[in-house]
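Asker: Predicted model and sequence follow; I will ask about them next.
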Amino acid sequence: NAGVTQTPKFQVLKTGQSMTLQCAQDMNHNSMYWYRQDPGMGLRLIYYSASEGTTDKGEVPNGYNVSRLNKREFSLRLESAAPSQTSVYFCASRPGYRDLNTEAFFGQGTRLTVV
Amino acid sequence: RKEVEQDPGPFNVPEGATVAFNCTYSNSASQSFFWYRQDCRKEPKLLMSVYSSGNEDGRFTAQLNRASQYISLLIRDSKLSDSATYLCVVNILLYSGGGADGLTFGKGTHLIIQP
């Protein structure tokens, strides 16, 4: 079972470059999320999508855009990368808000370095 | 005030010891509660959900006190393989009217089991 698949696993960007992080889930989940994890900061929500066709800002959305392409896929775009965006990015999915006690499934993470 | 607070540790305990983690959350509207485990450079994975009545899974016991907004995790007879970071997680509705929820993570407590 694939679960949540993120690509790429590693990326080095120069300041000002752009890139898109891809995420796909095969569990027919409605809700998808992008988090970033920095040392000493824990996981912080960047953007989320409650269902296909909707996206909303989380705690730290500045510098990012997202697209919920279909029910399976939720991508995160950095338009002009900055060193402050050096982080580990995790995509996650859950069935939906009506299933409050269900777990979130995470991708393996993308380690992004901006130089 | 951070929404979910945990002692970051590290907790260094000998193999076989009992160790307890505590967590407090600030949003009284939090709907559901979890402990996740994260191994070094890996994605978080669900350890267990936390229910008001308390629940146990083998060597692990979780407790929730809604009145005090407090969550705990007890690990008995600790094993070397328990070494990891333990994340306290609460689930809240992300905007009024429902339709979307999200997980808010504590920064994690780092546990090191020593032989």
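Answerer: Alright, I've got the coordinates.

Asker: Can you report phi and psi for residue A:50?
Answerer: When read as degrees, to the nearest 10, the backbone of residue A:50 gives phi -70, psi -30.

Asker: Please look at it and residue A:33 and confirm they touch.
Answerer: No. In this structure, residue A:50 is not within contact of residue A:33 by CB atoms under 8 Å, at 9.8 Å. Heads up, the C-betas are built off the backbone N, CA and C, glycines and all.

Asker: neighbour count winner among the two?
Answerer: residue A:33 (26 against 23; other CB atoms under 10 Å in any protein chain shown).

Asker: Please look at residue A:11 and residue A:115 and confirm they touch.
Answerer: No. Applying CB under 8 Å, one finds residue A:11 not in contact with residue A:115, separated by 11.2 Å.

Asker: so where's the chain uncertain?
Answerer: No chain specified, so I'll use chain A. A:1, A:97 (pLDDT under 70).

Asker: um, chain B though
Answerer: B:1, B:94-100.

Asker: who does the strand ranked longest in it touch, helix- and strand-wise?
Answerer: In chain B, assigned by DSSP state E, the strand with the most residues is strand B:84-93. Under the contact criterion of 3 or more CB pairs under 8 Å, 6 or more residues apart in numbering or on different chains; DSSP states H and E, strand B:84-93 touches strand B:4-6, strand B:19-25, strand B:32-38, strand B:70-75, strand B:101-105, strand B:109-114.

Asker: ok, now which ones touch residue 113?
Answerer: Since no chain was named, I'll use chain A. A:11, A:12, A:13, A:86 (CB atoms under 8 Å, 6 or more residues apart in numbering or on different chains).

Asker: My question was about chain B, not that one.
Answerer: Contacts of residue B:113 by CB under 8 Å, 6+ apart are B:13, B:14, B:15, B:17, B:78, B:79, B:80, B:81, B:82, B:83.
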